[in-house]
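> Only the shape, not the letters, is given here:
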Ligand code: 8YV
């Protein structure tokens with residue numbers, strides 16, 4: 001019988017599904033040596049949020065497939081997996097809408113200062129009718145700049161255009177005619193997006209090209225009353241430059257669901273800033289969607305192991321080996 005290593009807790013029904021097809025070994029990835037030993041004795045693996053390095057796979061001669069319970073796959077060395085003949089699968093579609101909801105919650109919360117003002121009320125500071133000191137900025141009718149118009153970017157654009165009558169600008173490696181037709185989205189260069197958008201929203205995967213793509217020059221190119229929204233990966237932003245830009249008023253604020261170091265250290269300056277909404281990487285984190293992701297990842301893994309999987313494969317070149 002095949003053996004599968006699971007390094008993320010799985011819903012009972014998903015675990016039972018896997019156990020119908022393989023022996024499942026559940027491991028604590030923080031026990032590094034045990035985790036590596038389990039990978040070396042497995043045919044497949046399933047989990048998320050843990051970096052899987054080439055060194056961890058040396059000796060894993062039986063390993064044929066890894067299934068990440070995520071759309072992002074920056075925690076893997078994809079070229080190395082392909083060289084080893086290991087199929088990598090991910091869960092792109094099932095989380096699109098929940099993640100777009102999170103992005104829009106960050107837009108609204110940062111624009112209208114929801115977290116800051118909710119804390120202000122809880123602290124007993126609301127003693128009279130509010131005034132300009134409590135005002136935020138409008139979202140409806142403003143310009144949203146989406147950096148990366150993929151699945152999640154498109155779902156965010158739909159919310160913006162159809163729900164909030166926003167003008168949508170975007171950058172993307174290739175045009176997105178569907179978003180242009182359905183939402184009036186306009187493809188522009190990054191410089192124009194940064195100079196024009198009231199909200200700059202990062203929806204790109206983390207790659208060598210996108211790492212720190214938003215740094216001091218890009219933040220300075222934004223409007224002073226603009227807000228940066230990041231629910232992609234923390235490292236797409238130079239966090240030190242962002243902290244400086246937020247502190248000196250280069251931009252109005254930030255709504256962040258991801259950070260260069262996660263969990264965000266308690267002494268991060270970001271946590272002291274009233275113009276920052278910080279969430280703990282909850283992008284896809286609803287009961288419904290996390291279950292759907294785990295189920296999708298389990299089906300991907302079994303399909304990859306039995307050679308029947310056709311979709312959700314990150315490194316399709318491995319199938320040519
Ligand atoms: C995941 C994410 O929930 O899908 C991704 O890439 O970042 C989140 O949706 C997270 O990776 C934990 O699984």
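Great, that's in hand. Just so it is clear, the structure is predicted and the values come from calculations on it, not from any experiment.
> At the geometric centre of this protein, which residue do we find?
Nearest to the mean C-alpha position of the chain, by CA atoms, centre = their mean, lies residue 232 at 3.7 Å.
> Excluding chain neighbours, what is closest to residue 279?
In this structure, residue 279 finds its nearest non-sequential neighbour in residue 257, 4.5 Å apart by CB to CB, 6 or more residues apart in numbering. From N, CA and C alone the C-beta is placed, and that goes for glycine too.
> so what's that neighbour up against?
With contact set as CB atoms under 8 Å, 6 or more residues apart in numbering, residue 257 has these partners: 102, 103, 106, 230, 231, 279, 280, 281, 282, 283.
> from what I can see the residue nearest to the centre of the chain touches residue 202, true?
Yes. Because the distance of 4.5 Å satisfies CB atoms under 8 Å, residue 232 is recorded as touching residue 202.
> which residues do those two both contact?
Counting by CB under 8 Å, 6+ apart, the residues touching both residue 232 and residue 202 are residue 148.
> and the residue nearest to the centre of the chain, how far is that from residue 103?
Taking CB to CB, to the nearest Å as the measure, residue 232 falls 9 Å from residue 103.
> Then residue 237?
According to CB to CB, residue 237 and residue 103 sit 15 Å apart.
> now swap in residue 67 and tell me
In this structure, residue 67 and residue 103 are 25 Å apart, going by CB to CB.
> quick one, which of these two is more surrounded?
residue 67 (31 against 27; other CB atoms under 10 Å).
> about what we covered before: which of the contacts of residue 257 are buried?
Those of the contacts of residue 257 that meet the buried threshold are 102, 103, 106, 230, 231, 279, 281, 283, by 16 or more other CB atoms under 10 Å.
> Take those residues and keep only those in helices.
Of the positions in the buried ones among the contacts of residue 257, 102, 103, 106 sit in helices, assigned by DSSP state H.
> how about the second one, what does it touch?
Residue 103 makes contact with 152, 156, 201, 203, 229, 231, 257, 283 under the criterion CB under 8 Å, 6+ apart.
> May I ask you to confirm that residue 72 is in contact with residue 234?
No. The criterion here is CB under 8 Å, and residue 72 misses it with residue 234 at 11.3 Å.
> if I look at the residue in the stretch 101-250 of the chain that the ligand sits nearest to, how far off is residue 106?
When you check the stretch 101-250 of the chain against the ligand by CB to the nearest ligand atom, the closest residue turns out to be residue 233, at 7.5 Å. Using CB to CB, residue 233 is found at 15 Å from residue 106.
> What of residue 116?
13 Å.
> Touching both of the two, which residues are there?
residue 277.
> quick one, what contacts whatever residue of the stretch 201-321 of the chain ends up closest to the ligand?
With CB to the nearest ligand atom as the measure, residue 284 is the residue of the stretch 201-321 of the chain nearest to the ligand, at 3.3 Å. Residue 284 makes contact with 70, 71, 95, 98, 99, 102, 290, 293 under the criterion CB under 8 Å, 6+ apart.
> repeat that with 10 Å
By CB atoms under 10 Å, 6 or more residues apart in numbering, residue 284 lies in contact with 48, 69-71, 91, 94-99, 101-102, 152, 231, 290, 292-293.
> Leaving out chain neighbours, which residue sits closest to it?
Residue 284 sits nearest to residue 95 (CB to CB, 6+ apart), 3.8 Å away.
> That neighbour is in contact with residue 71, isn't it?
Yes. Proximity of residue 95 to residue 71 meets the contact threshold set by CB atoms under 10 Å, at 5.9 Å.
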